[in-house]
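Undergrad: Below is the sequence, then the predicted model.
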Amino acid sequence: MSFEVSLLCDGSLIYGRNTEKRHLIKLLLSHDYNSQFITVICIVGPNGIGKTTMLHLINNDKRVFDAFERRLFIRISENCDQKRLMKDIIESLTSSPCDITEPETLEGILKDELINKKILFLLDAVERGKKIFWNNIWMLLSGAAKGSVVLATAQRNEVANVMGAIHCYQLKCLPDAYYQKIFRAKTFSGHDPNAYPALEMIGENLLGKCATNILHIKMLSGLLNCSLVERWWRDVSESDFWDMEKLGREEVLRVCFEFLPAHLKRCFAYCSLFPKEYIFLKHQLVRLWMSQGLIEPVVGGDLEDIGMQYFDELCRRSFLEHSPLHDAKEEKFVMHELIHDMAQNTSMKECFRFEDPLQGIPEMISHFSLVPLEYQIISPYTITKNAKDLLSFLVINRSAFQHNSILSPIVNLVELDDLFVKFRSIKTLDLSNTGIRELPNSVGLLRSLEYLGLNKTKIKNIPLEIRNLIYLQTLEAKGCNNLVELPECMSEMINLCHLDVTKKKGFVGMPVGIGKLTKLQSLATFNVGSDEMHCGIEELNYLNSLKGSLWISGIENVKGSLDAKKANLMGKGYLETLSLQWGCENTTYEEGDEDAETATQVLKSLQPSDTLRGLIIRNYVGYQFPFWMEDRSFSKLVSIVLDNFLNCSVFPPLGSLPSLRNLSIHKFYGIEEMEFPDSNSIIENENKFPSLEQLKIWEMYELKEWPEIRSGDFPRLNSLSINNCPLLRNIPLFCSLVEMSITNCIKLPEIPYLPSLESLKLHGLNNTSLNLLKNLPLLRKLEIGHCSELLFVNNLSWPSSLKKIRLIQCPKLDCLSDSFKKEYYSCFSVLHKMGFREEEDILHLMVPRKAYGESAERLHIMKKEDYIKYVPINFLVKFGKILSDFPRITIFAFDI
């Protein structure tokens, strides 16, 4: 039997459901709904059958992506009201946090954001709400363009009826063979099930306990996968846990929990401090576990690495899973609501999550989290006064943008002194995203503190009393824009493993002695001081346990190559990304200048380990590149950013780097020719840039020529972005190029024959006419925008592959060509009947305010002072021949 398989954006394989997905997408795209403002469709089925997965499959489908301007995925929380839902929708539309609380203001913002946008609203886990509630919501959403659709999930038909769904789709069970396939794939994970006949029989019996619940199957598979030994499987199958009373329909989940080792049970229970739908960051959660002593040390093992293994084990057992809304490379994870319920039930004697101001707090809890629904002023001491002792106090942001760097404070805390005086045993304290302006000196009373989070607060300094926190392992103060200096006692924090004081503008001064913190494993930013009170670059010498990313700023303060060598960057083999930044952005020097010579020698001495994966260099004032930059021994280097090199007259010879995939070059002001010199280490006849996939060339104001490249060079380049290169005259042939963007280049460079190009964006050109497409046989998407002088697009030889055309703010564009005017004049006469004033307006494709064409898919016509007016392609086709020669085109958009 062949099995249908789909892929989510996080890399997860989904078996089956292709038929259901096709049927639902057909419903979403049905022309029957294009005349309606809001169509509501509901997927109904029991917990664990795959409703949420179906939403993600639909959300990722290309047909849906093309049909809707925006797709918003919103999970309906347990205490969701109209205000909360409006904020969630606004945040999804704007991709930024919303801290507005007044309902009238929210309604106004929502209407403005929705107006004339065709949107797919994906509402997951709708379980409540009266009819009047949903009628009010649909009234607000009706400001979106006609053809917008709400696709929701619910467990009961009654919910779908209350929502006013015009179609209720019952998600049924998959054929039994699919459940067996899922079970085998996850249980045996790469091993041949046929090699374990005894296990197959036991597994078949256990699979019957899961019925058709995919969540249960995943959990049980993760449990059995711990060992492919028959004894283990029999222990699971014959366990007394199956006979426990009152387990009900979630007995599989409970049994999987009971088989967790004790250390994983404790870590899992701690997750109940976070609200449902929370996006977990792997490293953050592990460090919280560490601070509470939940990770058991192993001789010769690093505690954080052991914690990472704990996390991976919980993922393998499906207690945590990758967030399907994020790329698999992002370490962002979620917990299913039923598993979250189990975590809460098993931890209620120790962990308490405070969400409702009327909640009573038990005396004997040890771990407390504050999860405010909206901005308010709270006294932590007042709400926790019934507790006898606390080991954790966390402020948690429930927003989908909880990790956004521009998030506004979610709560303001007062009377912190009283909290610290009473609960001196606190080991984990996170005050991030709060409005606090200072950290009280009494923080020094928390002598057992191991984790301190102050991210995105308004603090100006950290008190000297922090020297008393001798067990502190993690100090985070990211995004604290008012923080200028770290306290001079930092050298006494000898147990510190993680220090992050990154902020968007400027740097936090670091005192002398940072180099004594030899246990540091992560140091996001290191600013080289300019005086004796601040640390020099040599303090990095003994910090050889650093992992992840390191950003070194203030390199202009390094006095010479000897000091630079003392940083011992070659000895930091665990670093993945290194950023080197000089502080002066607009300084030029003549060759032989002392400062330029110093910078050249310093960069030469800052050679990193050859295990590096990413390199960023900014504001470099030297005029030569060190030999190590071209050394092919940097075989793991996949990304390089070179930004603001004012004094270099040639590019570095990077062509021999075997694994380089992404290269960004910005502001090489003195370079006129786009030529990459040969490396000293290149082998004769070897192709340059063998792995490069993405190339960005920005703000190269003197760049004129791009010589033809040698055949075989750049064999994998698929994306090219050119921005602010006003003198560039030509682009060479790249056989593998798939997408290209040219922006603010005054005149369009000559485009050669590009046999693989599928997407082309041209913005900010001063051309009065453009000759396009004759050399682009596979072009699918064309966008021309903000070309203020453009009058004509001439000699178009339209490839049959073209699907989308978009013209944005080209006010002088008369028409695409004389042949276009003649071919499609009949369609313009139809537009005239729909409200256009003069023939000139029609030919300029401008819409007067009184024109309200019917709305459907998807000829957009827009004028700056008007809202977008939607005129249906199928409507125009009835009266004219528009696009009849190009039946595959799905979007033809004029935004003027």
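TA: Right, received. Where do you want to start?

Undergrad: Next up, the contacts around His167.
TA: 27, 41-42 (Cβ atoms under 8 Å, 6 or more residues apart in numbering). Placement of C-beta: from N, CA and C, glycine included.

Undergrad: again, only this time at 7 Å
TA: 27, 41 (Cβ atoms under 7 Å, 6 or more residues apart in numbering).

Undergrad: go on, Leu717?
TA: 692-693, 695, 734, 736-737.

Undergrad: go on, Leu657?
TA: 632, 634, 637.

Undergrad: pLDDT at the last one, what is it?
TA: Looking at Leu637, its pLDDT is 95.

Undergrad: just the strands in the stretch 201-350 of the chain please.
TA: Assigned by DSSP state E, counting those that start in this stretch, the strands in the stretch 201-350 of the chain fall at 280-281, 321-322, 332-334.

Undergrad: What strand or helix carries Leu615?
TA: strand 614-618 (DSSP states H and E).

Undergrad: What are the contacting residues of whatever helix or strand comes next after that strand?
TA: Next along the chain after strand 614-618, taking DSSP H and E as the criterion, comes strand 639-643. With Cβ under 7 Å, 6+ apart as the test, strand 639-643 has contacts from 613-618, 654, 660-667.

Undergrad: For ChimeraX, what selects the buried ones among the residues you listed?
TA: Buried residues among the contacts of strand 639-643 (16 or more other Cβ atoms under 10 Å), as a ChimeraX selection:
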select :614,615,616,617,618,654,660,661,662,663,664,665,666,667
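
Undergrad: Mind picking the one among the contacts of strand 639-643 that's closest to Leu228?
TA: Arg613 (34.4 Å; Cβ to Cβ).

Undergrad: If Ser369 is in a bridge, with which residues?
TA: Arg353, Leu394 (DSSP bridges).

Undergrad: how near is Leu220 to Ala198?
TA: To Ala198, Leu220 is 17 Å away according to Cβ to Cβ, to the nearest Å.

Undergrad: the more surrounded of the two?
TA: Legend: neighbour count by other Cβ atoms under 10 Å for Leu220 and Ala198, higher for Leu220 (27 against 10).

Undergrad: contacting residues around the more buried one?
TA: 206, 210, 252, 256.

Undergrad: Next: Lys456.
TA: 407, 432-433, 478-479.

Undergrad: from those residues, which is closest to Pro608?
TA: Closest to Pro608, out of all of these and judged by Cβ to Cβ, is Lys478, at 23.7 Å.

Undergrad: nearest residue to that closest one other than its sequence neighbours?
TA: Among residues not flanking Lys478 along the chain, Asn455 sits closest, at 4.5 Å (Cβ to Cβ, 6 or more residues apart in numbering).

Undergrad: tally of neighbours for the one you found?
TA: Other residues close to Asn455 by other Cβ under 10 Å number 20.

Undergrad: returning to what we had before: name the helices or strands packed onto the strand holding Leu615?
TA: If you count contacts as 3 or more Cβ pairs under 7 Å, 6 or more residues apart in numbering; DSSP states H and E, strand 614-618 packs onto strand 575-581, strand 639-643.

Undergrad: Same list, those strands, but as CSV with mean neighbour count and distance to Phe352 please.
TA: Formatted as CSV, the helices and strands packed on strand 614-618 follow (neighbours: other Cβ atoms under 10 Å; distance: least, Cβ to Cβ, whole Å):
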stretch, mean neighbour count, distance to Phe352
strand 575-581, 19, 38
strand 639-643, 19, 44
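
Undergrad: if we compare those strands, which one ends up closest to Leu445?
TA: Nearest of these (Cβ to Cβ): strand 575-581, 36.1 Å.

Undergrad: Tell me which residue lies nearest the centroid of this protein.
TA: Nearest to the mean C-alpha position of the chain, counting by Cα atoms, centre = their mean, stands His326 at 5.8 Å.

Undergrad: With Ile279 as the reference, measure out to that residue.
TA: 8 Å.

Undergrad: got any residues that touch both of these two?
TA: Lys332.

Undergrad: quick revisit: in helices only, show me the contacts of Leu717.
TA: Under the assignment DSSP state H, these contribute nothing to helices.

Undergrad: Which one (most neighbours) among those?
TA: In the contacts of Leu717, the most neighbours by other Cβ under 10 Å go to Leu692, 25 neighbours.

Undergrad: Next, work out how far apart that residue and Asn662 are.
TA: Counting by Cβ to Cβ - Leu692 and Asn662 are separated by 8 Å.

Undergrad: Arg63 now?
TA: From Arg63 across to Asn662, the span is 30 Å (Cβ to Cβ).

Undergrad: And for Leu223?
TA: Taken as Cβ to Cβ, the span from Leu223 to Asn662 is 40 Å.

Undergrad: got it, and Met348?
TA: Met348 is 48 Å from Asn662, by Cβ to Cβ.

Undergrad: quick one: secondary structure of the nearest residue to Glu230 once chain neighbours are set aside?
TA: Distances taken as Cβ to Cβ, 6+ apart put Ala198 closest to Glu230, at 5.1 Å, once the chain neighbours are dropped. Here Ala198 is recorded as helix under DSSP: H, G, I helix; E, B strand; the rest coil.

Undergrad: hang on, Ala198 packs against Val229?
TA: No - contact between Ala198 and Val229 fails when scored by Cβ atoms under 7 Å: they sit 10.1 Å apart.

Undergrad: How far does stretch 441-451 stretch from one end to the other?
TA: Stretch 441-451 has an end-to-end distance of 17 Å (Cα to Cα, to the nearest Å).

Undergrad: contact partners of it?
TA: With Cβ under 7 Å, 6+ apart, stretch 441-451 has contacts from 287-288, 291, 417, 420-421, 424-429, 463, 465-466, 468-469, 471-474.
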